[in-house]
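Asks: Let's see this in three dimensions:
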Amino acid sequence: MRMKLRLAGAAMLMAALLPQAAAAQALFPVEVVVTNVKKAVGTMRVAICTRQTFLKDCAPYEANAPARVPTTTVVVNGLPPGEYAAQVFQDENDNHEVDRGLLGVPREGIGFSNDAPIKMASPKFNDAAFQVSGPTSIRITLRHMIKLP
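Replies: Prediction:
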């Protein structure tokens, strides 16, 4: 009889803890609305980065969508709760990299979450950071560093 009570007690404890464990493991989508898209050419590529992966080629969460004028929406799925920064570029020739001109200036539109400033250097993670604690939507203005034809 004692064994049955222990098993029943363990089952009740597991049932009580299961919703908490599921909530801790929840993954959420991040909708990235990219504005100021000037041409419906190529692919809008979005990377959602942790502090450690920001501005590197190893972003843990990525998605893309065909570029649409004037706004393109890209949904990145599967993010656990936490702090992230997003980076986006319009890959006009679909070569999976930001094409650069003279002095390394991007030839394709780029942007960062919070429209983090791009001065003489890339933005800082803290300027682009946002929180994910459920389904999230952010807006990024695409910036064109070189005049479009």
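Asks: Could I get the pLDDT score of the closest residue to Glu92 other than its chain neighbours?
Replies: Nearest residue to Glu92, sequence neighbours excluded (Cβ to Cβ, 6 or more residues apart in numbering): Gly42, at 4.0 Å. Quick note: C-beta positions are derived from backbone N, CA and C, even for glycine. Note for Gly42: predicted pLDDT of 98.
Asks: So that it lines up with my notes, have the first residue be 372 from now on.
Replies: Got it, first residue is 372 now, which makes that one Gly413.
Asks: Quick check: beta-bridge partners of the most centrally placed residue in the chain?
Replies: The C-alpha lying nearest the average C-alpha coordinate of the chain belongs to Ile419 (Cα atoms, centre = their mean; 2.7 Å). Bridge pairing for Ile419 (DSSP bridges) gives the partners Tyr432, Ala457.
Asks: coming back round to it: settle this for me: the residue nearest to Glu463 is touching Gln461, isn't it.
Replies: Yes: using Cβ atoms under 8 Å, Gly413 is in contact with Gln461, at 5.9 Å.
Asks: next SSE after the worst-scoring helix or strand of the chain on mean pLDDT?
Replies: Lowest by mean pLDDT, DSSP states H and E among the helices and strands of the chain is helix 373-395, with a mean of 50. Downstream of helix 373-395, the next assigned helix or strand under DSSP states H and E is strand 399-406.
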